[in-house]
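Novice: generate coordinates for the sequence data below:
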Amino acid sequence: MLARSAGCSPILRGSVQARGILQPGQQRGLQQQVQQSRMLSQTRVTAQNEPAGPGAPRVVVIGGGFGGLYTAVRLSELFWPRNKMPQVTLVDQSERFVFKPLLYELLTGGADENEVAPSFLQLLAPYPVRYIQAKVSGAEPEELQDGGSSSGGRVILDDGTDVEYDWLVVALGSQANDRGIPGVKELAVPFNTFEDAQRTVAALEDIETRTAYGSEAANITIVGAGYSGVELAASVSERLRSKPGGSSVRVQLLTPGQDILEGSPAGQRETAMQALSSLGVEIITGMRVRSLERSADATSTPTAVTMNLERSQAEDPSSSRESRAADLVLWTAGNAPSTKDLQPGALPTPQQRKGFPFPTNERGSVLTEPSLRVRKHSNVFALGDVSVSGSEEGALPATAQVAFQQADYAAWNVWASINGRPLLPFRYQHLGNMMGLGAVNGAVALPVSLPGQIGSSLQSSPLGPLLSGLGVKLGAGGNPEADGITLEGPLAAAARRAAYLYRQPTNEQRMSVAAGWLNQASNLASSLLGQLPSQQAR
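Specialist: Numbering: from 1, shown residues only. The predicted structure follows:
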């Protein structure tokens, strides 16, 4: 690749500009800078993106989720002025990146582990990014004064070693939140990591073996009825229905709220209710988990527990308490920033030097400026589930969509910080909510609304039944203006997969996933065609 001369602005393949995330004024400014850089490149061209040499800026990214990995890759794709190409180091405790929105498909066979959780070594092979597999226990700025810093420091690893940085990007993501409920951490199975998915598959296989011939019944309870809980309930139920004896396994979705997907678009919630009902999922509302206890059946079923519940809306919760048995409890009742349990400190021994001396809110989220730079720390940025900005947008949802967009800005602003340029404030663009409800079913709420008159006219016109048949729902409850447009069924499943294919972290991974999905579609089509002669013979 070729570089523009020193002083030019970065150009990023698939960048914030190309994705349409910047505001019009910002786009014009960037376009002018790019034009200037192109003019300069005609008179002076130097080698570009060579491996960083001695004395190069050191950028350390901690956390390899959507925010961290995508920032590291974007940094390596930027065009850097001469001698400014940094040494980018990515640190994560796992050997695999996890594409969390596809984690559910490991349960149904909709995707394999290399599509959902490829290794960092595989993903980063084409890029000049160093990868270290280690657990991070804290960070120490070199010059900590008045609660802030203006230089580099070092990241402390769990084994007592450290990695020095000039610029730091904190993207540690989130962890399952047991909400302090007794027994949850020890007995429930969260669904947040690749290892969690493996534990879930192993537990399901054990239950499937015991119930294969209908001699035993079983109960699986998913706690939490947000997007994660609903997708997990649909995936578990669909998997069980394809197994011998699966009908003897009861799948329950439990929530303290009065409905599933509270706060979500009505059309999406309505589609999810229909899908769960068709899959035989029992929805229990208004119930809260008070504690979990190991069951007496745990010798034969290691995940068996007793759930102690109470009514969440009762005036006297103690009067509405009850206990229920479960062979497996899957916990999706919220996440917490991974920095929540890290306490700041600067004591002399490696074992004591733990924590992050960065400002946080009561949840443990790192406080940032609108540019994603950590408050009072000029060389530190934070993004994704672990951060919260002081911008007028307030707290953003802890979703892959947010981290995906923030990664472009984080990389851009690290470039600007190194090169003494102004930082850009992050502007989030909501692109809709996507949810899988099985292998060929889904619900996608588009971020658009129809004026009432147009929506009503479409619904009552001959196009109404056609759109409905294709899987396009104009609002819910007959109110297209308030509830917008929802895609459902196979159309939504296809749109969801297309979006996730686009969001793969590298071109190489995108091609690999596309090839796998095309092969899967081909096998499915062949199977369906093979069934036609036997059906015709009947």
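Novice: show me where the stretch 51-200 of the chain has its strands.
Specialist: 58-62, 87-92, 129-133, 136-141, 153-157, 162-165, 167-170, 174-176, 189-190 (DSSP state E, counting those that start in this stretch).
Novice: just want the most central residue of the chain.
Specialist: By Cα atoms, centre = their mean, the chain has its centre lying nearest to residue 400, at 3.5 Å.
Novice: look up how far residue 210 lies from that residue.
Specialist: The spacing between residue 400 and residue 210, counted by Cβ to Cβ, to the nearest Å, is 35 Å. All C-beta atoms are positioned from the backbone trio N, CA, C, and that covers glycine.
Novice: I'd like the strands of the stretch 51-200 of the chain as a markdown table, with mean neighbour count, mean pLDDT and distance to residue 357 appended.
Specialist: Formatted as a markdown table, the strands of the stretch 51-200 of the chain follow (neighbours: other Cβ atoms under 10 Å; pLDDT from 0 to 100; distance: least, Cβ to Cβ, whole Å):
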| stretch | mean neighbour count | mean pLDDT | distance to residue 357 |
| --- | --- | --- | --- |
| strand 58-62 | 27 | 98 | 14 |
| strand 87-92 | 24 | 97 | 18 |
| strand 129-133 | 18 | 97 | 22 |
| strand 136-141 | 23 | 92 | 7 |
| strand 153-157 | 22 | 95 | 9 |
| strand 162-165 | 19 | 97 | 14 |
| strand 167-170 | 28 | 98 | 12 |
| strand 174-176 | 20 | 92 | 20 |
| strand 189-190 | 19 | 97 | 29 |
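Novice: just the helices in the stretch 401-538 of the chain please.
Specialist: Taking DSSP state H, counting those that start in this stretch to define them, one finds helices in the stretch 401-538 of the chain at 452-460, 463-470, 480-483, 489-502, 507-537.
Novice: ok, now the stretch 201-350 of the chain?
Specialist: In the stretch 201-350 of the chain, helices defined by DSSP H, counting those that start in this stretch lie at 227-241, 266-278, listed in chain order.
Novice: how about the last one: buried residues?
Specialist: Neighbour counts over helix 266-278 (16 or more other Cβ atoms under 10 Å) mark 266-273, 275-276 as buried.
Novice: kindly report the same for stretch 191-202.
Specialist: Here stretch 191-202 shows 191-194, 196-197, 199-200 as buried, counting by 16+ other Cβ under 10 Å.
Novice: what's the answer for stretch 114-126, then?
Specialist: 115-120, 122-124.
Novice: tell me what the closest residue to residue 183 other than its chain neighbours is bridged to.
Specialist: What sits nearest to residue 183 in space, not counting adjacent residues and going by Cβ to Cβ, 6 or more residues apart in numbering, is residue 292, at 3.3 Å. With DSSP bridges as the criterion, residue 292 is bridged to residue 307.
Novice: quick one: low-confidence residue ranges for the protein.
Specialist: 1-53, 215, 298-299, 317, 341-354, 390-394, 450-460, 475-483, 524, 527-538 (pLDDT under 70).
Novice: mind listing the strands for the stretch 301-450 of the chain?
Specialist: According to DSSP E, counting those that start in this stretch, the strands that the stretch 301-450 of the chain contains are 305-311, 322-326, 328-331, 335-337, 366-368, 380-382, 387-389, 433-436, 442-445.
Novice: out of those strands, nearest to residue 229?
Specialist: Judged by Cβ to Cβ, the one of the strands of the stretch 301-450 of the chain that comes nearest to residue 229 is strand 328-331, at 8.1 Å.
Novice: may I have that closest one exported as PDB, CA atoms only?
Specialist: Only the C-alpha atoms of strand 328-331 are listed here, as PDB (Å, rounded to 0.1, in the frame of the first residue of the first chain):
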ATOM      1  CA  LEU A 328     -30.900 -26.400  33.600                       C
ATOM      2  CA  VAL A 329     -31.100 -22.700  34.300                       C
ATOM      3  CA  LEU A 330     -29.700 -20.400  31.600                       C
ATOM      4  CA  TRP A 331     -29.100 -16.900  32.800                       C
END
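Novice: quick one: contacts of it?
Specialist: 176, 178, 184, 187-191, 200, 203-204, 207, 218, 220-224, 232, 236, 292, 303-305, 307 (Cβ atoms under 8 Å, 6 or more residues apart in numbering).
Novice: next one: that strand to chain centre, how far?
Specialist: In this view, strand 328-331 has its centroid 20 Å away from the chain centroid, taken as Cα atoms, centre = their mean, to the nearest Å.
Novice: what is the end-to-end distance of stretch 232-248?
Specialist: Stretch 232-248 has an end-to-end distance of 19 Å (Cα to Cα, to the nearest Å).
Novice: buried ones in it, by neighbour count?
Specialist: 232-240, 243, 245-246, 248.
Novice: check stretch 432-440 too.
Specialist: 432-439.
Novice: quick revisit: tell me which of the buried residues of stretch 191-202 fall in helices.
Specialist: Using DSSP state H, 194, 196-197, 199-200 are the members of the buried residues of stretch 191-202 that sit in helices.
Novice: if I look at the closest residue to residue 110 other than its chain neighbours, how far off is residue 111?
Specialist: Once flanking residues are discounted, residue 110 sits nearest to residue 439: 5.2 Å by Cβ to Cβ, 6+ apart. Distance of residue 439 to residue 111, given as Cβ to Cβ: 10 Å.
Novice: hey, what's in contact with both of the two?
Specialist: residue 105.
Novice: returning to what we had before: which one of the buried residues of stretch 191-202 is nearest residue 469?
Specialist: residue 191 (33.7 Å).
Novice: for the closest one, which residues are in contact?
Specialist: Taking Cβ under 8 Å, 6+ apart as the definition, contacts of residue 191 comprise 103, 197, 200, 228, 232, 330-332.
Novice: now for the residues you listed: which two are most distant?
Specialist: The farthest-apart pair in those, when distances are taken by Cβ to Cβ, is 103 and 331, at 14.2 Å.
Novice: of those two, who's got more company?
Specialist: residue 331 (28 against 23; other Cβ atoms under 10 Å).
Novice: so which of the buried residues of stretch 114-126 is the closest to residue 99?
Specialist: residue 116 (5.5 Å).
Novice: still on that earlier bit, which stretch among the strands of the stretch 51-200 of the chain comes nearest residue 423?
Specialist: Using Cβ to Cβ, these put strand 167-170 closest to residue 423, at 12.4 Å.
Novice: now for the closest one, which elements pack on it?
Specialist: strand 58-62, strand 380-382, helix 400-418 (3 or more Cβ pairs under 8 Å, 6 or more residues apart in numbering; DSSP states H and E).
Novice: TSV for those, including distance to residue 318?
Specialist: Supplementary listing: the helices and strands packed on strand 167-170 in TSV, determined by distance: least, Cβ to Cβ, whole Å:
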stretch	distance to residue 318
strand 58-62	44
strand 380-382	42
helix 400-418	40
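Novice: highest mean neighbour count out of the ones you listed?
Specialist: When those are scored by mean count of other Cβ atoms under 10 Å, the highest mean neighbour count falls to strand 380-382 (a mean of 30).
Novice: now that strand: how far from the chain's centre is it?
Specialist: That offset, for strand 380-382, works out to 19 Å (Cα atoms, centre = their mean).
Novice: who touches that strand?
Specialist: Applying Cβ under 8 Å, 6+ apart, the external contacts of strand 380-382 come out as 139, 141, 149, 167-171, 358, 366, 368, 371-374, 410, 413-414.
Novice: these two touch, right, residue 495 and residue 433?
Specialist: No - using Cβ atoms under 8 Å, residue 495 is not in contact with residue 433; the gap is 11.7 Å.
Novice: any common contacting residues for these two?
Specialist: residue 444.
Novice: buried ones in stretch 204-216?
Specialist: For stretch 204-216, by 16+ other Cβ under 10 Å, it's 204, 206-208, 210-211, 216.
Novice: make CSV from those and add distance to residue 508 to it.
Specialist: Supplementary listing: the buried residues of stretch 204-216 in CSV, determined by distance: Cβ to Cβ, whole Å:
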residue, distance to residue 508
204, 32
206, 36
207, 37
208, 35
210, 42
211, 41
216, 46
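Novice: from those, pick the one nearest residue 72.
Specialist: The closest of the buried residues of stretch 204-216 to residue 72 turns out to be residue 204 (Cβ to Cβ; 34.2 Å).
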